[in-house]
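J.: below: sequence and its predicted model.
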Amino acid sequence: MKNVLCGLLASFLLVTANAQEKKTVRVTTDQTDLVLQVNPKGRLYQVYLGDRLLHEQDADLLPWNQYAGSDGSISTRGYEAYAASGGEDYFEPAVAITHADGNQTTYLYYKSHRQQAVPGGTETIIELADDKYPVEVTLHYVAYPQENVIKAWSEIRHSEKKPIHLWRYSSTMLYFNAASYYLTNYHSDWACEGKPVVQQLQFGKKVVDTKLGSRAAMQSEPFFELGFDGPARENEGRVMLGTIGWTGNFRFTFDVDNTGALRVIPGINPYASYYELKPGTTFTTPEFVFTLSNEGVGQASRNLQAWALRHQLKDGMGDRMTLLNNWENTGFYFNQQSLAQLMKDARDLGVDMFLLDDGWFANKYPRANDRAGLGDWEATKDKLPEGVPGLVKAAKEAGVKFGIWVEPEMVNPKSELFEKHPDWAITLPQRETYYYRNQLVLDLSNPKVQDYVYGVIDGLMTENPDIAYFKWDCNSPITNIHSHYLEDRQGNLYIDHVRGLYNVLSRIRQKYPSLPMMLCSGGGARLDYEALKYFTEFWCSDNTDPYERLYIQWSMSKFFPAKAMASHVTNWNGRASIKFRMDVCSMCKLGFDINLKSMPENDYKFLQQALRNYHQLKPVILDGCQYRLISPYETNHMALNYVAQDLSKAVLFAYDLHPRYKEPLPHVRLQGLDANAQYRVEEINLRPGEESRPAHHGKTYSGDYLMKVGLQVLSANEGQSHVFVMSRV
Ligand code: DGJ
């Protein structure tokens, strides 16, 4: 006790000593400043978040107390950087703790800060501590100057005698001051991911969250836009884009207070998660990533996309393979011969890889449908007598790489795994179990289960070092929330489960650092920047109808680069031309999931040619800058262009969805080109016998012309699409 008291006294003295001088902490990108300041009582406040301040000394003029009264007294109301529960701020706190003695208040005082270079940016680390309890909080901010992105997270730790309980643990807390705020958040469901909803935020709280545990983003996406002084627009206006890196229950709270200030509080959802934190351990929150832009959402998206490629996405600067997948084509019905044939089909088409989907595993309860087999990861002998090695060999003979589907976090009750380890599944002891897609979620808070899940990948890789790719699926939310491992710490389950997943993924990455993996979750229910540290791409949706896909891709492109977004040509909406389907997928990380043999010869030839085009244009599409030009949400068309980093090439994609009779057709004005350069325009991805658009094909225009006058590429014909390449001459 004596030691604890001495420690407390020492840190309090440090706090008061530090509070004597005016302490200003700047988190700075090339465009943005987040300025924090210690008030006379030693507490830390946000005093500014906005355009970068040109003059260093101006930061010291900022008032820490936005509510300063006329009596001159030191009020502690203001925008506290990481407001804690029980204090003078009566709005939603960033952190809330029940101490070991039952006290629910925490006051955090500034202790010290430091800044250090990290890859791509500068990290600011601020130490805060309570003056009465041995509780410390560390705030982390990494500023990426060039991309104008900041990511923020926090750590909470303590040395109280007994565990404390956390009931709020936000990643950060940000304050904005504007005349009005408009939130765009995205709701979702299977096959209709990424649907935007726009609303004005007014006094009170708006909460966007998920409670699904795993498959967590099935109903609500972990990203949002904020428009200041008006709804967020594509090319004008002040906006913020934010997203949280957490593959589980997240929560965004938008709280407009009595003064009209908006607090943005992103974090793990505290729902059913009264978290027990043992003395000497640290609770680390997820990273919240945000960017500000004065030129609308388009620029903000380019900030996030560039940042992701350079600093966050697994192998963001690397290449991506094209592939042929078999799920939409064969479902569960295949065998060794039919797969060997599909591998040859993949080679003939010209893709890099064949990807085997669900249905290849389990013997006692073979995976002939989704009711059995999950958990038993050996190849089904009847279907695949030579096992996975036989498939790897067949792929080698065909001359393509081989990738394989797994869903290792799940178990069907009809499986040997469940028979052996029923306690590894998340199930309630005294209630009837309910199932989602006939399966249960394995309890990743249990280290033994983590070993098992790691072993699924490691086992396959050890037996088959030539496996070149994994598609990692997750088709169920957590049902029957109860861990047989955590005993009386059930409040930790939702959180420790996700951390268990990250343990597994980081072990996989240590052993297989360059193995590409696709993140999939019953379509697109997992898409966050923590998972994407481990995954090279994600599956946006099982909905591959090209019309629908245009909307889904439009939404997701706001937050993710094209390279991270897998898009496959399938037979969903076979009424759409193969060209339209191919063009839609060519804007992302391209694949196919279609029966190539049953397709008309001209369609097949078209795909081969368009695939060759894609392979050539990958550096522009996947590594260039993206400009969304015409929104499918606002018009009956869609257009966007990519520009190579050196501005030497651009690709324009334009689509006519369901145009109205005689509707006006605006020119499509490109963006991001070199205004003073000349570009030769060529239409590609034409079907055999199809004429290019004579108005533009083969002509040369200045970048200025293409950006100011634009091209007449939209038409009144439903389901048409055009792809143009602009090459600097
Ligand atoms: C859901 C995925 O989104 C699909 O692509 C497919 O892999 C199925 N699961 C397989 O069960």
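T.: Cool, the structure landed.
J.: got any ranges where the stretch 51-200 of the chain has weak pLDDT?
T.: Residues of the stretch 51-200 of the chain that meet the criterion pLDDT under 70 lie in 64-77.
J.: all the strands of it, residue numbers only.
T.: Ranges of strands in the stretch 51-200 of the chain, per DSSP state E, counting those that start in this stretch, are 95-98, 108-118, 121-130, 135-144, 149-158, 164-169, 174-177, 181-187, 195-201.
J.: which residues touch stretch 290-305?
T.: Applying Cβ atoms under 8 Å, 6 or more residues apart in numbering, the contact partners of stretch 290-305 are 31-32, 49-51, 147-152, 174, 225, 232-243, 289, 307, 557-562, 625-628, 671. Glycine gets a C-beta too; all of them are placed from N, C-alpha and C.
J.: mind listing what Ala576 touches?
T.: Per Cβ under 8 Å, 6+ apart, neighbours of Ala576: Asp545, Pro546, Tyr547, Gly719.
J.: possible to save the strands of the stretch 51-200 of the chain as CSV with distance to Tyr614?
T.: As requested, the strands of the stretch 51-200 of the chain are exported to CSV (distance: least, Cβ to Cβ, whole Å):
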stretch, distance to Tyr614
strand 95-98, 48
strand 108-118, 35
strand 121-130, 33
strand 135-144, 30
strand 149-158, 29
strand 164-169, 44
strand 174-177, 40
strand 181-187, 28
strand 195-201, 28
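J.: among the ones you listed, which comes closest to Ser214?
T.: Of all the strands of the stretch 51-200 of the chain, strand 181-187 sits nearest to Ser214, with 18.4 Å by Cβ to Cβ.
J.: ok, back up a step: closest to the ligand out of the contacts of Ala576?
T.: Asp545 (14.3 Å; Cβ to the nearest ligand atom).
J.: need phi/psi at that closest one.
T.: Main-chain dihedrals, Asp545, degrees, to the nearest 10: phi -60, psi 120.
J.: now it: closest residue in space, sequence neighbours ignored.
T.: Closest residue in space to Asp545, ignoring its immediate chain neighbours: Asn573 at 3.8 Å, by Cβ to Cβ, 6 or more residues apart in numbering.
J.: look up the closest residue to whichever residue of the stretch 151-300 of the chain sits closest to the ligand, ignoring the ones flanking it.
T.: Closest residue of the stretch 151-300 of the chain to the ligand, Cβ to the nearest ligand atom: Trp190 (8.5 Å). Nearest residue to Trp190 in three dimensions, chain neighbours excluded: Gly523, at 5.4 Å (Cβ to Cβ, 6+ apart).
J.: and for the one you found, the neighbour number?
T.: Neighbour count for Gly523, taken as other Cβ atoms under 10 Å: 24.
J.: equivalent analysis for the one 4 residues further on, please.
T.: The number of residues packed around Leu527, counting by other Cβ under 10 Å, is 29.
J.: chain neighbours aside, what residue packs nearest to it?
T.: Using Cβ to Cβ, 6+ apart, the closest residue to Leu527 is Phe538 (4.9 Å).
J.: what residues of the helix or strand where the one you found lies count as buried?
T.: Phe538 belongs to strand 537-539 when assigned by DSSP states H and E. For strand 537-539, burial by neighbour count (16 or more other Cβ atoms under 10 Å) applies to Glu537, Phe538, Trp539.
J.: what's the answer for stretch 360-370, then?
T.: Those would be Trp360, Phe361, Ala362, Tyr365, Pro366, Arg367, Asp370, for stretch 360-370 by 16+ other Cβ under 10 Å.
J.: I'd assumed Ala379 was in contact with the fifth one.
T.: No - in this structure, Pro366 is not within contact of Ala379 by Cβ atoms under 8 Å, at 10.0 Å.
J.: with mean neighbour count added, can I get the strands of the stretch 51-200 of the chain in TSV?
T.: Shown next, in TSV, are the strands of the stretch 51-200 of the chain (neighbours: other Cβ atoms under 10 Å):
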stretch	mean neighbour count
strand 95-98	23
strand 108-118	17
strand 121-130	21
strand 135-144	23
strand 149-158	24
strand 164-169	21
strand 174-177	20
strand 181-187	20
strand 195-201	14
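J.: now render those strands as TSV, adding distance to the ligand.
T.: Below are those laid out as TSV (distance: least, Cβ to the nearest ligand atom, whole Å):
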stretch	distance to the ligand
strand 95-98	37
strand 108-118	35
strand 121-130	35
strand 135-144	32
strand 149-158	28
strand 164-169	31
strand 174-177	34
strand 181-187	18
strand 195-201	18
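J.: can you get me a residue count around Arg52?
T.: For Arg52, using other Cβ under 10 Å, the count is 15.
J.: the residue most central in space within the chain and Val498: what is the separation?
T.: With distances taken as Cα atoms, centre = their mean, the residue of the chain nearest its centroid is Asp528 (2.5 Å). Distance, Asp528 to Val498, using Cβ to Cβ, to the nearest Å: 10 Å.
J.: between those two, which contacts overlap?
T.: With Cβ under 8 Å, 6+ apart as the test, Asp528 and Val498 both reach Trp246, Thr247.
J.: residue of this protein nearest the ligand, please.
T.: Of all residues in the chain, Asp358 sits closest to the ligand, at 3.6 Å by Cβ to the nearest ligand atom.
J.: now that residue, nearest residue through space, not along the chain?
T.: Nearest residue to Asp358, sequence neighbours excluded (Cβ to Cβ, 6+ apart): Trp405, at 5.3 Å.
J.: and the one you found, that one's in a helix?
T.: No - secondary structure of Trp405 (DSSP: H, G, I helix; E, B strand; the rest coil): strand, not part of a helix.
J.: list the contacts for it?
T.: Contacts of Trp405 (Cβ under 8 Å, 6+ apart): Trp327, Leu355, Leu356, Asp357, Asp358, Trp360, Phe470, Lys471, Asp473.
J.: and if you look at Gln200?
T.: Ser180, Tyr181, Tyr182, Leu183.
J.: take those residues and write them to TSV, including distance to Glu690.
T.: TSV is the format used below for the contacts of Gln200 (distance: Cβ to Cβ, whole Å):
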residue	distance to Glu690
Ser180	49
Tyr181	48
Tyr182	43
Leu183	44
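J.: what about stretch 535-553, start to end distance?
T.: End-to-end distance of stretch 535-553 (Cα to Cα, to the nearest Å): 18 Å.
J.: kindly apply the preceding question to stretch 421-440 instead.
T.: Terminal-residue distance, stretch 421-440 (Cα to Cα): 12 Å.
J.: quick one: mean pLDDT over that stretch.
T.: The pLDDT scores in stretch 421-440 average 96.
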